[in-house]
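Chemist: Would you be able to build a 3D model of this:
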Amino acid sequence: MKPSPLTILALLLPPPTTANTSPPPHNSNTPSLRAIAIEEHWASPALADLFITTPLRPPFPNPQQLIANLLEVGPSRLASMDAGAIHIQVISHVPTAAAAMFNASATRLANAQLAARIAATNPLRFRGFCVLPMALPAEAAAQLEICVRDHGFVGALVDAIVAHPNGSVSFFEGREYDVLWAAAVRLDVPVYLHPAAPAAADVFEIGGLYAPAASGSYSTAVAASLATAAWGWHEHAGLSFLRLYVGGVFEQFPGLQVVLGHMGEMVPYYLWRADAVLSRGQAVSLREVYKRNVWVAPSGIFSLEPMEMLLKVTDVRRVMYSVDWPFGRNEDGRAWMEALRGSGLVTPAEFGGIAYGNAKRLLKL
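Modeler: Numbers count the residues shown, from 1 in each chain. This is a model prediction of the structure:
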């Protein structure tokens, strides 16, 4: 039996580590941190058969605790939020198995389960992003409407690619997805493009889309990491956004707002180059779309160096906090935020926007 995507996550993602910057000394005159975290995961019972298996050789010291954290929306999660100074957590489903993208009934049930957990636990401190069956555009649009209208969710977090049973991969710039983008604009909610777990065969047999990045004279674990958490996931999430741009999606839907995690999924660092090449002949430049339609979150990349670069090309009013919990530790995120506050990279008002105000504005919290 091939391992599930949750197994792959536990195997490939680095274990939680302390942020590589130190918080400034405590000053009684410094206001306490109060944050909204927007990429924080859970795993639905509706999709459990696709995700919950025994992890194989994971780097996490306690992989069963990782799975327990993903399944729980309750006191343990709230306690971790308190330790990380997180006032509101926006919960989204952990990256889904490819089969879930074709299973509308399972994603509908998963969204209903998350809504019930939030309502039963603490609706003041939890919000939801819905998971969508992205292989079925019309159904994805219908489920987004249900999530916002009936469940009170504040948007969607979706896998940035769809892996098909035949081994091919598709993106979302086709006209069949117009119904989804129109729904997002009409409902005035963002869509978060999240790295997608590839099919297990792509990782453990090093085939398909990931072969050029992964195959080589090193271990399967190293090859799989190149294909996923170290590089491949982020490359393809950024590519998903770029394909929306060249496909004219933002021209047709200028109000569409998308979120890119992990410091922008490589896009900010190649923005000059991509803009110079891709904007030729376009009605609106890539740089303008990035400025108008994109929001960025760190998602567990707790380093000031990429943050400094991000702020050079990104409107600070469109940068929001995230931990990528439980794959990132809330305590490490808090230390990084305190270091950012004392770094001189942002003003106190800009810091408050990153910590809380920008997400509050985008998600209308």
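
Chemist: In stretch 113-132, which residues are buried?
Modeler: Residues of stretch 113-132 classed as buried by neighbour count (16 or more other Cβ atoms under 10 Å): 113-115, 117-118, 121-122, 126-132. Heads up, the C-betas are built off the backbone N, CA and C, glycines and all.

Chemist: got the end-to-end distance for it?
Modeler: Stretch 113-132 has an end-to-end distance of 14 Å (Cα to Cα, to the nearest Å).

Chemist: What mean pLDDT does that stretch get?
Modeler: Mean per-residue pLDDT for stretch 113-132: 97.

Chemist: mind checking how far it is from the chain centre?
Modeler: 17 Å (Cα atoms, centre = their mean, to the nearest Å).

Chemist: Contacts for that stretch, please.
Modeler: Here stretch 113-132 makes contact (Cβ atoms under 8 Å, 6 or more residues apart in numbering) with 42, 44-46, 73-74, 78, 81, 87-93, 96, 100, 107, 110-111, 140, 143-144, 147-148, 150-158, 180, 192, 363, 365.

Chemist: Show me the strands in the stretch 101-250 of the chain, by range?
Modeler: Under the criterion DSSP state E, counting those that start in this stretch, the stretch 101-250 of the chain contains strands at 126-128, 156-159, 162-163, 169-170, 191-194.

Chemist: Nearest to E265, out of these?
Modeler: Proximity to E265 (Cβ to Cβ) singles out strand 191-194 among the strands of the stretch 101-250 of the chain, at 7.3 Å.

Chemist: Spell out the residue ranges of the helices in the stretch 101-250 of the chain.
Modeler: Counting by DSSP state H, counting those that start in this stretch, the stretch 101-250 of the chain has helices at residues 104-121, 137-151, 178-187, 200-204, 211-214, 220-227, 232-246, 249-252.

Chemist: show me the residues around Q252 that make contact.
Modeler: Residues in contact with Q252, defined by Cβ under 8 Å, 6+ apart, are D178, W181.

Chemist: What number of residues are in the vicinity of the closest residue to R334 other than its chain neighbours?
Modeler: Nearest residue to R334, sequence neighbours excluded (Cβ to Cβ, 6 or more residues apart in numbering): G84, at 4.6 Å. Counted with other Cβ atoms under 10 Å, residues neighbouring G84 total 23.

Chemist: From the contacts of stretch 113-132, list the buried ones, please.
Modeler: Using 16+ other Cβ under 10 Å, the buried ones in the contacts of stretch 113-132 are 42, 44, 46, 73, 78, 81, 87-93, 96, 100, 107, 110-111, 140, 143-144, 147-148, 151, 153-158, 180, 192, 363.

Chemist: In JSON lines, list the strands of the stretch 101-250 of the chain along with distance to Y269.
Modeler: Shown next, in JSON lines, are these (distance: least, Cβ to Cβ, whole Å):
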{"stretch": "strand 126-128", "distance to Y269": "30"}
{"stretch": "strand 156-159", "distance to Y269": "22"}
{"stretch": "strand 162-163", "distance to Y269": "26"}
{"stretch": "strand 169-170", "distance to Y269": "23"}
{"stretch": "strand 191-194", "distance to Y269": "17"}
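
Chemist: Nearest to P298 among those strands would be which one?
Modeler: Of all the strands of the stretch 101-250 of the chain, strand 191-194 comes closest under Cβ to Cβ, at 13.4 Å.

Chemist: How far off centre is the closest one?
Modeler: 6 Å.

Chemist: Same check on stretch 249-261?
Modeler: Centre-to-centre, stretch 249-261 and its host chain are 16 Å apart (Cα atoms, centre = their mean).

Chemist: Restrict it to CA atoms and write it as CSV.
Modeler: Below are the C-alpha coordinates for stretch 249-261, written out as CSV (Å, rounded to 0.1, in the frame of the first residue of the first chain):
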residue,chain,number,x,y,z
VAL,A,249,-8.2,35.4,-15.2
PHE,A,250,-7.4,38.6,-13.4
GLU,A,251,-8.2,40.6,-16.5
GLN,A,252,-11.7,39.0,-16.5
PHE,A,253,-12.1,39.1,-12.7
PRO,A,254,-10.1,42.2,-11.5
GLY,A,255,-11.6,41.9,-8.1
LEU,A,256,-10.4,38.3,-7.5
GLN,A,257,-8.1,38.2,-4.4
VAL,A,258,-5.6,35.3,-4.0
VAL,A,259,-3.3,34.5,-1.1
LEU,A,260,0.2,32.9,-1.6
GLY,A,261,1.8,31.4,1.5
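
Chemist: L304 touches L345, doesn't it?
Modeler: Yes: the criterion here is Cβ atoms under 8 Å, and L304 meets it with L345 at 6.9 Å.

Chemist: Who has more neighbours out of the two?
Modeler: L345 (18 against 15).

Chemist: Pairing partners for the spatially most central residue of the chain in the sheet, please.
Modeler: Central residue of the chain (Cα atoms, centre = their mean): H194, 4.1 Å from the mean position. Legend: beta-bridge partners of H194 under DSSP bridges are D159.

Chemist: Can I get the helices of the stretch 101-250 of the chain in TSV including distance to E265?
Modeler: Listed next are the helices of the stretch 101-250 of the chain as TSV, based on distance: least, Cβ to Cβ, whole Å:
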stretch	distance to E265
helix 104-121	23
helix 137-151	20
helix 178-187	19
helix 200-204	19
helix 211-214	15
helix 220-227	15
helix 232-246	4
helix 249-252	16
